[in-house]
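> build the 3D model from these lines:
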Amino acid sequence: MADILKIQHTVDGSYSLGENFPGYKFTLETEVDDFSVHDWFQLFEKTLLAAGFSEYVIMKGCMERAFNSWRTKESMRKLYAEYADDLEGFKPAGKLPDEE
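Residues are numbered from 1 along each chain as shown. So this is what the prediction gives:
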């Protein structure tokens with residue numbers, strides 16, 4: 001029998017600006033027997049997007065998990081060096097529309 005992961009998300013709804021927003025509920029079920037670490041992150045990214053988080057906030061959350069005080073500086077430098085090459089010549093264009 002396969003291992004199944006089930007995630008449920010419920011929003012009760014809201015009332016603002018004179019409008020009533022109905023609630024909703026979604027359920028995600030998937031087999032996770034052969035999930036790689038990339039499959040897990042992709043699954044949770046899709047879950048967070050469905051819950052209303054922006055792509056920027058999700059990426060920022062990942063970075064805050066990877067680069068923080070309980071990681072070793074050696075590990076953080078190694079990870080940074082691995083991905084910094086992809087950004088060579090990259091110049092930030094200012095704030096993104098969905099930055100908090």
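
> for the rest of this, base every contact and every neighbour count on C-alpha atoms.
Will do.

> wait, a strand at N68?
No: assessed with DSSP: H, G, I helix; E, B strand; the rest coil, N68 is coil; it does not lie in a strand.

> any idea how far it is from G61?
11 Å (CA to CA, to the nearest Å).

> ditto for T10
Distance, T10 to G61, by CA to CA: 22 Å.

> enumerate every residue touching the residue most central in space within the chain.
Centroid-nearest residue in the chain: I58, 3.4 Å away (criterion: CA atoms, centre = their mean). Contacts for I58 (CA atoms under 8 Å, 6 or more residues apart in numbering) come out as E45, L48.

> okay, buried residues for the lengthiest helix in the chain please.
Assignment by DSSP state H gives helix 37-50 as the longest helix of the chain. Residues E45, T47, L48 are the ones in helix 37-50 that count as buried (16 or more other CA atoms under 10 Å).

> show me the residues around the second one that make contact.
Applying CA under 8 Å, 6+ apart to T47 gives the contacts L28.

> can you rerun that using 10 Å?
T47 makes contact with I7, Q8, H9, F26, T27, L28, F41, F53 under the criterion CA atoms under 10 Å, 6 or more residues apart in numbering.

> now the two most distant members of these.
Farthest pair in the contacts of T47 (CA to CA) is F26 and F41. Separation: 18.9 Å.
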